[in-house]
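A.B. asks: Sequence below, structure please.
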Amino acid sequence: MLWAAFGLLFVAFAASVPRRRMGQTAHAADSGRQRVVLWCDRRAPWCHNRVVRRSVLAVGEPERRRAGFAILGSLVIAAMFAVVTVLSKEIPGLYDSQPWHNDPHDVLVSLDFAVLPLLVGIGLLRVQLCRRCEPIPARRVVDLLRVASAALAVCFVTEGAEWVAVALDRHRPRWTAVTSGQVAMLAVMTAASTAWFVQVRRAARVIARRAGPATQPDWLADAVAFALRETRLFGRYRVCALRAVRWTDTNAIARVRVHPVAAAWLLAGALALPFVIAKLVLEGYSAPLVL
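C.D. replies: Numbering: from 1, shown residues only. Below is the predicted model:
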């Protein structure tokens, strides 16, 4: 199940990666500077009524602040929900009194252990390329709004399963005052997730009206840009680090662009493998049950 979940997640990611021929790299997008592209909205045929859309968001535009508030808030809420979920599952005094501590409700809780940190992590890494004093490519903002929506969607699904367990009075004899506290926390997290999801959708609509995202920089191009920027941490070995990053971009990432779906499934399998091994070795699951 974990492999399938990772697979769906990375196939969705692969669908957003433009295909390129071998040998093509994303170095042109490394600096985040992009040619401004202007065009008219097709729904406005008259010149004086046209809507001008851009591929970058200039410094000081209010759309940037709205989008940044929604993105950062969503990632913080998703991180908080992941922390609360992990603690409540790993602390016996909390776990035993949960209405949702058994399957099928607990399946989604277990999935959050892997999916939420991944979504929050890639979101926070890409946020670091958004500098207040520099223009931001609209593609980067749109992608960050998407990952924020995905993180909140995972929270919503888990919260929904937990509310179903509460509504069905699961494990009612074990309910204590601790259970009431956990249900109250669930209500707070659900309200926060809902509020920020509304903010994300509003920001996405504003960005869609004002900006037209180009094909670059995508997630892979920004990953290369982030790696190139962080090579300064290697000091006198920075030249070697730069060569390694550019070699990876030219050889490995170029192949991912040629076969994005296959690469997504391979990466999903690699990430799911540690969880499968843990189930087999530490918890004694049989191989057919794990698969």
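
A.B. asks: Now do the contacts for the most centrally placed residue in the chain.
C.D. replies: Among the residues of the chain, residue 119 comes closest to the average C-alpha position under CA atoms, centre = their mean, at 3.0 Å. Neighbouring residues of residue 119 by CB atoms under 8 Å, 6 or more residues apart in numbering: 78, 147, 150, 151, 154. (C-beta placed from N, C-alpha, C; glycine too.)

A.B. asks: Repeat that for residue 164.
C.D. replies: Counting by CB under 8 Å, 6+ apart, the residues that residue 164 touches are residue 105.

A.B. asks: what about residue 236, distance to residue 158?
C.D. replies: 47 Å (CB to CB, to the nearest Å).

A.B. asks: now swap in residue 71 and tell me
C.D. replies: Relative to residue 158, residue 71 is positioned 21 Å away (CB to CB).

A.B. asks: And residue 185, by the same measure?
C.D. replies: In terms of CB to CB, residue 185 sits 13 Å off from residue 158.

A.B. asks: can you give me the strands in the protein?
C.D. replies: For the chain, the strands defined by DSSP state E occupy 39-40, 52-53, 56-57, 136-137.

A.B. asks: weakest of the ones you listed in terms of mean pLDDT?
C.D. replies: Lowest mean pLDDT within the strands of the chain: strand 39-40, a mean of 39.

A.B. asks: burial of residue 210, as a residue count?
C.D. replies: The local packing of residue 210 (other CB atoms under 10 Å) involves 16 other residues.

A.B. asks: and the gap between it and residue 204?
C.D. replies: Distance from residue 210 to residue 204, by CB to CB: 11 Å.

A.B. asks: Quick check: of the contacts of residue 119, which lies closest to residue 254?
C.D. replies: Ranked by distance to residue 254 (CB to CB), those are led by residue 147 at 23.4 Å.

A.B. asks: quick one, what contacts the closest one?
C.D. replies: 119, 122, 123, 126.

A.B. asks: Helices along the stretch 51-200 of the chain, start to end?
C.D. replies: For the stretch 51-200 of the chain, the helices defined by DSSP state H, counting those that start in this stretch cover 62-90, 92-95, 105-127, 138-167, 177-210.
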